[in-house]
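K.L.:
Prediction below, plus the sequence it came from.
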Amino acid sequence: MLLIYVQKVTPRVSYTFKQICKRILGLDIDLTSKIETFIAHDGPKFSYGKQPLSKELYFQSVDLLFEHGLNDVDIQVFDWEDTRCFFEVKHERSALPYDIFAATFYLLTRYEEYLPHVKDSMGRFPATESIAYSNGFLNEPVVDIWAYKFKNILLEKYPNLRFGKRKFTIKPIISVSQTFAYKNKGILRSIGGGTRDLWKLKLDDFTDRIKVSIGLKKDPYDTFDFIIDLQKQKRRKAKVLFGLGDYSNHEKNVGYNRPQHQAVIKHIADYIDIGLKVSLDAISNLSVLNIEKGRIESIFNRRLLYSICSFFKIKLPEAYRNFIELEIEEDYSMGYSKYSGFRAGTCTPFMFYDLDYEVQTPLIIYSFCFTNQDKRAHIQNEESARTEILSYIETVKKVQGTFVPVFSNTLFSDLEGQPFWKAILTFIWNLDDE
């Protein structure tokens with residue numbers, strides 16, 4: 001057990017040290033603000049504060065973990081060894097030249113997303129506003145990298161210190177905005193779609209629409225047997241998250257109460273964990289969210305545990321508070337639609353910390369680093385997709401983290417013109433966890 005002295009054990013201190021020491025490094029710790037307890041401890045220990053107590057292992061702090069609420073924070077990013085960091089400290093005795101704990105807290109809590117910023121056209125916090133993008137470390141899980149550097153410092157001082165072991169894991173997420181391309185759309189939507197196909201001279205699409213409607217061909221977006229077959233070949237902790245919001249400009253799925261739609265969800269639930277793709281209207285509206293939660297629970301007869309926000313629009317902290325209110329346990333929205341990378345600076349699941357209430361919550365956040373939902377222009381073929389994905393996999397493997405890619409079911413269809421995504425998901429699914 002490692003004893004840590006801080007002048008005051010605040011909720012921020014407790015949250016951050018548990019994430020780094022326990023969840024990332026598997027190290028048992030205890031926190032104390034009593035100097036006599038710290039001095040009397042004859043096992044591994046270090047202090048964290050403005051000044052060292054004596055000749056112990058020491059990490060200098062900045063003010064962030066001892067503050068309340070939101071304040072203007074001066075961020076100056078600098079290079080150190082093979083990574084980038086911020087919250088520089090100057091004390092000659094400090095074992096690190098920056099406050100690893102404050103920097104970790106800043107990234108995990110998404111502190112910068114609470115501060116004034118320019119939103120994108122959908123009202124989201126864009127990657128380009130983040131310090132990670134602006135300073136060139138969006139593609140690195142810096143929190144985990146820092147944690148392993150911290151571990152090495154501890155081992156230099158205490159070679160017999162015991163750390164837990166964790167292994168690299170892969171958790172594919174399938175986000176379902178449209179279960180079907182043509183089926184169950186209703187007469188008016190089907191006529192409108194067919195007319196649009198003819199107007200744009202998409203004769204093949206018009207023919208396919210007719211064949212699907214009369215049962216001669218499988219709907220092109222119904223790619224779920226392909227996903228189930230992958231799960232049968234190699235079991236993974238994958239999730240399939242369905243949108244069940246009311247039809248709108250942004251929500252285009254078929255009606256939640258259509259029997260064929262419900263049959264698909266029930267079928268998948270026999271093999272893979274099911275969750276909810278929260279509609280834009282429900283993200284910060286508790287009553288609408290509760291309706292959508294009731295819909296999916298009534299279909300697969302289990303409690304809703306998993307969520308992802310439509311278009312990855314996370315309105316902090318309201319969205320996550322609503323998820324907690326309805327006892328959702330895990331969210332997979334923490335990432336950017338147009339940029340790959342680590343939005344929260346980590347590839348380790350973490351608990352949502354509510355900066356307004358200064359409390360750690362039970363909601364577990366999984367940060368994804370890759371998605372195909374925006375069909376980014378630079379990914380035009382299997383080779384470019386595989387190269388980018390392999391790069392992130394190797395990055396996550398180095399810190400034994402969790403690789404979370406998010407895929408849209410529609411892109412496994414030939415209808416979207418990028419059929420290589422089936423091969424990409426198969427490749428990821430069959431990789432070995434180490």
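P.N.:
Looks like it arrived, so ask away. As the structure is a computational prediction, the values presented were derived from the model and not from experiment. Numbering: from 1, shown residues only.

K.L.:
Report the distance from stretch 50-64 to the chain centre.
P.N.:
Remark: stretch 50-64 is offset 32 Å from the chain centroid, using Cα atoms, centre = their mean, to the nearest Å.

K.L.:
Any idea how far apart the tips of it sit?
P.N.:
End-to-end distance of stretch 50-64 (Cα to Cα, to the nearest Å): 12 Å.

K.L.:
in it, what counts as buried?
P.N.:
Neighbour counts using 16 or more other Cβ atoms under 10 Å place 52, 57-62, 64 of stretch 50-64 among the buried residues. The C-beta positions use only the backbone N, C-alpha and C, and glycine is treated the same way.

K.L.:
One more: stretch 352-369?
P.N.:
For stretch 352-369, burial by neighbour count (16+ other Cβ under 10 Å) applies to 352-355, 360-361, 363-369.

K.L.:
Distance of the residue nearest to Glu129 when sequence neighbours are not counted relative to Ile379?
P.N.:
The spatially closest residue to Glu129, leaving aside those adjacent along the chain, is His117, at 4.6 Å (Cβ to Cβ, 6 or more residues apart in numbering). As for His117, its distance to Ile379 is 27 Å (criterion: Cβ to Cβ, to the nearest Å).

K.L.:
where does the stretch 51-200 of the chain have low pLDDT?
P.N.:
182-200 (pLDDT under 70).

K.L.:
How about the contacts made by Pro52?
P.N.:
With contacts taken as Cβ atoms under 8 Å, 6 or more residues apart in numbering, Pro52 has the following neighbours: 58, 91, 93.

K.L.:
need the buried residues of stretch 50-64 in JSON lines with secondary structure, can you?
P.N.:
Supplementary listing: those in JSON lines, determined by DSSP: H, G, I helix; E, B strand; the rest coil:
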{"residue": "Pro52", "secondary structure": "coil"}
{"residue": "Leu57", "secondary structure": "coil"}
{"residue": "Tyr58", "secondary structure": "strand"}
{"residue": "Phe59", "secondary structure": "strand"}
{"residue": "Gln60", "secondary structure": "strand"}
{"residue": "Ser61", "secondary structure": "coil"}
{"residue": "Val62", "secondary structure": "coil"}
{"residue": "Leu64", "secondary structure": "helix"}
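
K.L.:
Pick out whichever of those sits closest to Ala132.
P.N.:
Distance ranking of the buried residues of stretch 50-64 against Ala132, using Cβ to Cβ, places Leu64 first at 17.1 Å.

K.L.:
Would you mind measuring from that closest one to Arg12?
P.N.:
Counting by Cβ to Cβ, the gap between Leu64 and Arg12 amounts to 7 Å.

K.L.:
what residues do the two have in common as contacts?
P.N.:
Residues within reach of Leu64 and of Arg12 at once, by Cβ under 8 Å, 6+ apart, are Phe105.

K.L.:
Not counting sequence-adjacent ones, nearest residue to Trp421?
P.N.:
Using Cβ to Cβ, 6+ apart and skipping residues adjacent in sequence, the residue nearest Trp421 is Leu411, 4.5 Å away.

K.L.:
Check the secondary structure at that neighbour for me.
P.N.:
Reducing the assignment to helix, strand or coil with three-state DSSP, the entry for Leu411 is helix.

K.L.:
Pretty sure it sits against Asn372.
P.N.:
Yes: using Cβ atoms under 8 Å as the test, Leu411 is close enough to Asn372 to be in contact (5.4 Å).

K.L.:
The helix or strand harbouring Ser307 packs against which elements?
P.N.:
Under the criterion of DSSP states H and E, Ser307 resides in strand 306-309. Strand 306-309 makes packing contacts with strand 239-243, strand 273-278, strand 330-334 when contacts are defined by 3 or more Cβ pairs under 8 Å, 6 or more residues apart in numbering; DSSP states H and E.

K.L.:
Throw those strands into JSON lines and include mean neighbour count, distance to Arg124 and mean pLDDT, thanks.
P.N.:
Written out in JSON lines, the entries for these read as follows (neighbours: other Cβ atoms under 10 Å; distance: least, Cβ to Cβ, whole Å; pLDDT from 0 to 100):
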{"stretch": "strand 239-243", "mean neighbour count": "25", "distance to Arg124": "17", "mean pLDDT": "97"}
{"stretch": "strand 273-278", "mean neighbour count": "25", "distance to Arg124": "14", "mean pLDDT": "97"}
{"stretch": "strand 330-334", "mean neighbour count": "23", "distance to Arg124": "10", "mean pLDDT": "98"}
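
K.L.:
Identify whichever of those strands lies nearest to Gln19.
P.N.:
Using Cβ to Cβ and comparing these, the one that lies nearest Gln19 is strand 330-334, at 14.3 Å.

K.L.:
How far off centre is the closest one?
P.N.:
For strand 330-334, the distance between its averaged C-alpha position and the chain's averaged C-alpha position is 5 Å (Cα atoms, centre = their mean).

K.L.:
Can I get it in CSV? Just the C-alpha atoms.
P.N.:
Extracted C-alpha coordinates of strand 330-334, given in CSV (Å, rounded to 0.1, in the frame of the first residue of the first chain):
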residue,chain,number,x,y,z
GLU,A,330,-21.9,3.3,-19.2
ASP,A,331,-21.6,6.0,-21.9
TYR,A,332,-19.7,5.8,-25.2
SER,A,333,-20.0,9.3,-26.5
MET,A,334,-16.7,10.7,-25.4
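
K.L.:
after it, next one along is what?
P.N.:
Moving toward the C-terminus from strand 330-334, the first helix or strand encountered (DSSP H and E) is strand 350-354.

K.L.:
so what does that next one touch, helix or strand wise?
P.N.:
Taking 3+ Cβ pairs under 8 Å, 6+ apart as contact, the helices and strands that strand 350-354 lies on are helix 11-17, helix 100-108, helix 318-325, strand 359-367.

K.L.:
Please identify the deepest-packed of these.
P.N.:
Of the helices and strands packed on strand 350-354, the one with the most neighbours on average (mean count of other Cβ atoms under 10 Å) is helix 100-108, at a mean of 25.

K.L.:
what does it rub up against?
P.N.:
12-13, 15-17, 19-20, 48, 59, 61-62, 64-65, 73, 75, 85-87, 111-112, 132, 142-143, 146-147, 149-150, 344-346, 350, 353.

K.L.:
Centre of the chain to that helix, how far?
P.N.:
Offset of helix 100-108 from its chain centre (Cα atoms, centre = their mean): 17 Å.

K.L.:
ok, now stretch 240-254?
P.N.:
Centroid separation between stretch 240-254 and its chain, computed with Cα atoms, centre = their mean, is 21 Å.

K.L.:
ok, now stretch 85-92?
P.N.:
Taking Cα atoms, centre = their mean, one finds the center of stretch 85-92 at 29 Å from the center of the full chain.

K.L.:
Can you show me the CA trace of it as PDB?
P.N.:
Taking C-alpha atoms only, stretch 85-92 is exported to PDB below (Å, rounded to 0.1, in the frame of the first residue of the first chain):
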ATOM      1  CA  CYS A  85       2.400  18.000 -20.700                       C
ATOM      2  CA  PHE A  86       1.200  21.100 -18.900                       C
ATOM      3  CA  PHE A  87       0.900  22.700 -15.500                       C
ATOM      4  CA  GLU A  88       4.600  23.100 -15.200                       C
ATOM      5  CA  VAL A  89       6.200  23.200 -11.700                       C
ATOM      6  CA  LYS A  90       9.500  24.600 -10.700                       C
ATOM      7  CA  HIS A  91      10.500  23.100  -7.400                       C
ATOM      8  CA  GLU A  92      13.900  21.400  -7.700                       C
END
